[in-house]
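# Next comes the sequence, and after it the predicted model I'd like to discuss.
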Amino acid sequence: MSDPVRGLDAYIVGGAVRDTLLGLPAGDRDWVVVGSTPEEMSRRGFIPVGGDFPVFLHPKTKEEYALARTERKSGRGYKGFTFYTGSDVSLEDDLQRRDLTVNAIAQAPDGRLIDPLNGSADIANKVLRHVGQAFVEDPVRLLRLARFAARFADFSIAPETQQLARRLVDDGEVDTLVPERVWREMAKGLMTDTPGRMFEVLAATGALPRVLPGLQFSPQQNQELACAAQAGLSLACRFALLCRLSAQPQSIGQHVRAPGDCQDYAKLLPVVLENAALEPDDLSDAASKALSLMERCDALRKPERFLALLAAAECVHKVDQNAWRARVAAIRSIDAGAIAKSLQGEPGRIKEELRHARLQALESLASASLFRF
């Protein structure tokens, strides 16, 4: 097969160019193709995957190649656009429809930059700035602005961009966002090094209660999320920390259609925070409370989840994670099968004896002074 790109007027665009200029790993490359048609792309062997507008995968590299396009507002919300991908659309036309100037830079195959909106200057000055007034037509751009602010914590937001972001809220455009789209951007923001900034930006524009109703966010959670990022905690842990001060943490996850593990973590973290710092008066009481917490969190069947919740709790207050690891190991070492076999004919006693054996294991662990309660 001959090179399908040969003869195409194609440019790398967006994040790969931006990150290269920032000295960061470029990641996946996206391409824009000028002066072509869907029919020509198919003849060259590109695989069509686009929905609303023509996007193709390179038959070998699987990189995305999109035809240069313009867009016109035709309705409410982020899907209310009509796209035009005629062969007369220029590269500059395509760059003009993008969200932020730092994402509106193209690179030719020879390395030459095409930067009609001075995005490279904004990168040098560390400013997030909208491309044009069309910014207020797409509420996803507000989410992306907040997400990029979290990813690039040393970038400021241009005042005029902040004003347009508020307009998206005031005009009700942000209310048209579907939960799945909110979650997609939110999940990316939570996995940055400074995830709290995403929610600071959303709060500053008035969007936070509209896209995440019921969420209570404070400077304290900002610090906790920074701790989670520094510790490399999972998305589920970070989401649980984000929601922990809200009246109904799990409902926030349900609203944005968050994955099941994120919803479970949000529900369980307050329970762990309330019970993980044990200070009872005697070993028997301590063992009982420890076992009750592990049972509530299903630590027997899902020990990794329980330990991850403890790591998240450590970002709020001191938790002796080593001690809890030992407790989990102690109760999981009890041979439930052997106990059941010894009580053949007395099935009603199995659960009681199993719990008693686990309590004894926890008391022995504490009395050995290895990990005191």
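Cool, got the structure.

# And the strands in the stretch 51-200 of the chain, which stretches?
With DSSP state E, counting those that start in this stretch as the criterion, the stretch 51-200 of the chain has strands at 55-57, 64-67, 70-73, 81-84, 106-107, 113-114, 127-128, 156-157.

# List the neighbouring strands of the third one plus their orientation.
Just to be clear, that refers to strand 70-73. strand 81-84 (antiparallel) (DSSP bridges).

# Just the mean pLDDT for the strand it pairs with, thanks.
When pLDDT is averaged along strand 81-84, the result is 72.

# out of the strands of the stretch 51-200 of the chain, nearest to Cys227?
Each of those was checked against Cys227 via CB to CB, and the shortest separation belongs to strand 156-157, namely 24.1 Å. C-beta coordinates here come from the backbone N, C-alpha and C atoms, glycine included.

# Give me the spatial nearest neighbour of the most centrally placed residue in the chain, chain neighbours excluded.
In the chain, the centroid-proximal residue (CA atoms, centre = their mean) is Ala187; its distance is 1.5 Å. Counting by CB to CB, 6 or more residues apart in numbering, the nearest residue to Ala187 once its immediate chain neighbours are dropped is Leu235, at 5.9 Å.

# SS state for the residue nearest to Arg296 when sequence neighbours are not counted?
Closest residue to Arg296 in three dimensions, ignoring its sequence neighbours and counting by CB to CB, 6+ apart: Val271, at 5.9 Å. What DSSP: H, G, I helix; E, B strand; the rest coil gives for Val271 is helix.

# count of neighbours near Val271?
Here the count is done by other CB atoms under 10 Å, and Val271 has 14 residues near it.

# wait, doesn't it sit right on Cys297?
Yes - using CB atoms under 8 Å, Val271 and Cys297 qualify as a contacting pair, with a distance of 6.9 Å.

# beta partners of Tyr84?
The residues listed as beta-bridge partners of Tyr84 by DSSP bridges are Thr70.

# no no, Leu113
Here Leu113 sits in beta bridges with Gln107, going by DSSP bridges.

# Now do the same contact list for it.
Neighbour list for Leu113: Val17, Ile105, Ala106, Gln107, Ser120 [criterion: CB atoms under 8 Å, 6 or more residues apart in numbering].

# ok, so what distance separates it from Tyr11?
Applying CB to CB, to the nearest Å, the value for Leu113 to Tyr11 is 10 Å.

# okay, and the common contacts of the two?
Ala106, Gln107.

# Tell me the one of the contacts of Leu113 nearest Leu145?
Among the contacts of Leu113, and counting by CB to CB, the member closest to Leu145 is Ile105, at 17.1 Å.

# Report how many residues lie close to that closest one.
Around Ile105 there are 28 other residues, counting by other CB under 10 Å.

# In contact with it: list those residues for me.
For Ile105, the contacting residues are Val13, Gly14, Val17, Arg18, Leu21, Leu95, Leu113, Ile114, Asp115, Leu117, Gly119, Ser120, taking CB under 8 Å, 6+ apart as the criterion.

# close enough to count as contact, the last one and Leu21?
Yes - counting by CB under 8 Å, Leu21 is a contact partner of Ser120 at 6.0 Å.

# what's the pLDDT at the residue nearest to Ala187?
98.

# Against Asn222, how distant is it?
If you go by CB to CB, the gap between Leu235 and Asn222 works out to 17 Å.

# and if you look at Ala149?
Plainly put, Ala149 is 13 Å away from Asn222 if you go by CB to CB.

# shared neighbours of those two, anything?
A shared contact of Ala149 and Asn222, defined by CB under 8 Å, 6+ apart, is any residue touching both; here these are Arg197, Glu200.

# More neighbours: the two, which one.
With neighbours defined as other CB under 10 Å, Ala149 and Asn222 compare such that Ala149 has more, 22 against 17.

# Can you name the residues that contact Leu359?
For Leu359, the contacting residues are Ser284, Ala287, Ser288, Leu291, by CB under 8 Å, 6+ apart.

# can you tell me how far it sits from Ser288?
Taking CB to CB as the measure, Leu359 and Ser288 are separated by 6 Å.

# Same check on Lys341?
Relative to Ser288, Lys341 is positioned 26 Å away (criterion: CB to CB).

# ditto for Gln263
The span separating Gln263 from Ser288 equals 29 Å under the rule CB to CB.

# More neighbours: which of the two?
For Gln263 against Ser288, the residue with the higher neighbour count under other CB under 10 Å is Gln263, and the figures read 22 against 16.

# In which helix or strand does the more buried one reside?
helix 260-275 (DSSP states H and E).

# just how off-centre is that helix within its chain?
Going by CA atoms, centre = their mean, to the nearest Å, the spacing between the C-alpha centre of helix 260-275 and its chain's C-alpha centre is 17 Å.

# Could you list the buried residues of the helix or strand following it?
Beyond helix 260-275 on the C-terminal side, the first helix or strand identified by DSSP H and E is helix 283-296. Along helix 283-296, these residues count as buried under the neighbour rule (16 or more other CB atoms under 10 Å): Leu283, Ala286, Ala287, Ser288, Lys289, Ala290, Leu291, Leu293, Met294.

# ok, now stretch 93-105?
Buried positions in stretch 93-105, judged by neighbour count with 16+ other CB under 10 Å: 93-105.

# what about the helices in the stretch 51-200 of the chain?
91-96, 119-125, 140-151, 159-170, 179-190, 196-204 (DSSP state H, counting those that start in this stretch).
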